[in-house]
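Peer 1: this one's structure only:
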């Protein structure tokens, strides 16, 4: 028998040890992370039921769920005027039908990636519940893939839609604009899609990047792809599940996407011309930027009291921007009417001068640029076999003197050839017999150029270096188009996606890209159907597909002082 005091002391020690462990819990050691998606235990009525007449469906899983019931996640084919109500009750998804189902019709509810477990978020991908209000389940199929028309990359998570040929109350081509499709499915991560349980009919097939979630082609930014002709479904050879078995609720073919048709997705050009922006860039210079190059631009000054020409006009290389240099004294504002052919676009009110600030935000005197400036192209390294040394003046000039312009290289002073290359006298090129891998300094004496509005400049120095041919490479492609004769634009594209150079070919032969900077390149060929030397998108109503593109099957690596030769058969 221990004394009472000892028993009390021992109890207090044990109590303190217990409290210490309670206050300092350790991370429990568990099993491996759950990566298994929920499994279907039971469907009531069973999946793939016929003579379906139930007002609702109960789909029970083996664990508690999270459910995304938005239109982009769950959809039913054929669509119902009023979407069913999807509810979650613990481990069970309940589907309540708000509309009466059509007789003798096979319906497919596609759950996409809407169902996941509540703990780890594991998604049951591609689950479908299929039933028929008639005596049999339709069993035909259509499959295919969707690629981006511009770069041939697969397009995931867009909606493939079928329209039945039995619709005769509307023009067939207008159906995607006006009515819901007969069947809907979604492309997977590889851009592939598969319609199952189709009835025997001819279908119009389109694919939409549906921004509004209504499965209708009704927004300018929505991309589209379409088949040129009606599509006939074929027999689906996938195993037919047993509707009475709880462990066979999903057809085995859901993970198989045989490609029977390839569709090229594109975004149509909004053909409505518009002015994107107009602004004063510098004193006596303002720009008008069009949505796309105008066919026949007409810019008229309103309320003028003289017939004298009031501006000089210059267009950008893409022909979508016009530069207007005012040449006469104008009032506080210019009012311009802008047309493209017979189409009126806008009336612009622009101030001919503005307050200009330097880099520190301080006002320059009277807002007038102090000097005529020049921008050089290229800057730094001159790849002289391919590029000309070009200077672009901030304003057209009315007076110039090339006699004092010099090139200095080491101890040598050279007299280069200088020429203007545009009618406004704003762009000039400098040429000489260049030496490779040599440093140069171009000297332009002060006031060699005087702009039409009286601006001049101080002495200009421009330093640069010519390229060493041993630092660049050459690529020769032997292109064979005998299998698909046409006109092609062949482009050399850098690993940053920039188009470096392009050449046009209309017969088999060699394409040479010379003096190329080292790097990895992609070779792209555009089938230039209309021979306008660029890629053109499609037009759904005009039944014009986007121009096809082809990519050389491997990346080409260019190294310095190397010649690379490749063969390509289109």
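Peer 2: Good, I have the coordinates. All figures in this text were calculated on a predicted structure; none of them were measured in a lab.

Peer 1: Identify the structural domains in the chain and state their residue ranges.
Peer 2: Under the assignment automatic domain parsing, the domains of the chain span 40-132, 140-265, 275-350, 371-467, 472-569.

Peer 1: May I have the beta-bridge partners of residue 75?
Peer 2: residue 110 (DSSP bridges).

Peer 1: any weak-confidence spans in the stretch 101-250 of the chain?
Peer 2: 166-169, 237-250 (pLDDT under 70).

Peer 1: which residues of it fall in helices?
Peer 2: 175-178 (DSSP state H, counting those that start in this stretch).

Peer 1: what's the answer for the chain, then?
Peer 2: With DSSP state H as the criterion, the chain has helices at 4-23, 175-178.

Peer 1: List the buried residues in the last one.
Peer 2: What it means is helix 175-178. 175, 176 (16 or more other CB atoms under 10 Å). Just so you know, the C-beta spots here come from the backbone N, C-alpha and C atoms, and that holds for glycine as well.

Peer 1: Check which helices and strands it is in contact with.
Peer 2: strand 159-164, strand 203-208 (3 or more CB pairs under 8 Å, 6 or more residues apart in numbering; DSSP states H and E).

Peer 1: Make JSON lines out of these and add mean neighbour count and distance to residue 218.
Peer 2: Below are the helices and strands packed on helix 175-178 laid out as JSON lines (neighbours: other CB atoms under 10 Å; distance: least, CB to CB, whole Å):
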{"stretch": "strand 159-164", "mean neighbour count": "23", "distance to residue 218": "13"}
{"stretch": "strand 203-208", "mean neighbour count": "23", "distance to residue 218": "10"}
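
Peer 1: For the ones you listed, give me CSV that also has distance to residue 482.
Peer 2: As requested, these are exported to CSV (distance: least, CB to CB, whole Å):
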stretch, distance to residue 482
strand 159-164, 35
strand 203-208, 32
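
Peer 1: between those strands, which gets nearest to residue 118?
Peer 2: strand 159-164 (27.9 Å; CB to CB).

Peer 1: Report the inter-axis angle for that closest one versus strand 203-208.
Peer 2: Orientation of strand 159-164 against strand 203-208 (axes from the mean of the first three to the mean of the last three CA atoms, to 10 degrees) gives an angle of 160 degrees.

Peer 1: list the helices and strands strand 159-164 packs on?
Peer 2: strand 140-148, helix 175-178, strand 183-186, strand 192-198, strand 203-208.

Peer 1: do you know which of the ones you listed lies nearest residue 289?
Peer 2: Of all the helices and strands packed on strand 159-164, strand 140-148 comes closest under CB to CB, at 26.9 Å.

Peer 1: who does that closest one touch, helix- and strand-wise?
Peer 2: strand 159-164, strand 192-198, strand 203-208, strand 234-235, strand 262-265.

Peer 1: The domains of the chain: lowest mean pLDDT?
Peer 2: Note on those: domain 140-265 shows the lowest mean pLDDT, a mean of 82.

Peer 1: what's the spacing between that one and its chain's center?
Peer 2: In terms of CA atoms, centre = their mean, to the nearest Å, the centre of domain 140-265 is set 22 Å apart from its chain centre.

Peer 1: what comes up buried for stretch 381-393?
Peer 2: Buried residues in stretch 381-393 (16+ other CB under 10 Å): 382, 383, 384, 389, 391, 393.

Peer 1: which outside residues touch stretch 326-334?
Peer 2: 284-286, 301, 306, 308-312, 348-352, 452 (CB atoms under 8 Å, 6 or more residues apart in numbering).

Peer 1: ends of that stretch, how far apart?
Peer 2: 10 Å (CA to CA, to the nearest Å).

Peer 1: okay, how far is it across stretch 527-541, tip to tip?
Peer 2: 21 Å.

Peer 1: Also stretch 62-79?
Peer 2: Terminal-residue distance, stretch 62-79 (CA to CA): 29 Å.

Peer 1: ok, which stretches of the stretch 401-550 of the chain are strands?
Peer 2: Taking DSSP state E, counting those that start in this stretch, the strands of the stretch 401-550 of the chain run over residues 406-409, 412-414, 417-420, 427-431, 439-444, 449-451, 460-466, 473-480, 488-494, 499-505, 509-516, 519-527, 549-551.

Peer 1: Point out the most buried one among these.
Peer 2: Greatest average neighbour count among the strands of the stretch 401-550 of the chain goes to strand 449-451 (a mean of 22), per mean count of other CB atoms under 10 Å.

Peer 1: which helices and strands sit right next to it?
Peer 2: Counting by 3+ CB pairs under 8 Å, 6+ apart, strand 449-451 packs on strand 397-400.

Peer 1: what distance separates the strand it packs on from the centre of its chain?
Peer 2: For strand 397-400, the distance to the chain centre is 44 Å (CA atoms, centre = their mean).

Peer 1: mind listing what that strand pairs with, with the direction of each?
Peer 2: strand 449-451 (antiparallel).

Peer 1: thinking again about what came up before, for the strands of the stretch 401-550 of the chain, which one sits closest to residue 182?
Peer 2: It is, among these and with distance given as CB to CB, strand 549-551, at 31.4 Å.

Peer 1: wait, what's in contact with the closest residue to residue 190 other than its chain neighbours?
Peer 2: Of all residues not flanking residue 190 in the chain, residue 154 sits nearest, at 5.2 Å (CB to CB, 6 or more residues apart in numbering). Residue 154 makes contacts with 145, 146, 147, 148, 187, 189, 190, 191, 192, as judged by CB under 8 Å, 6+ apart.
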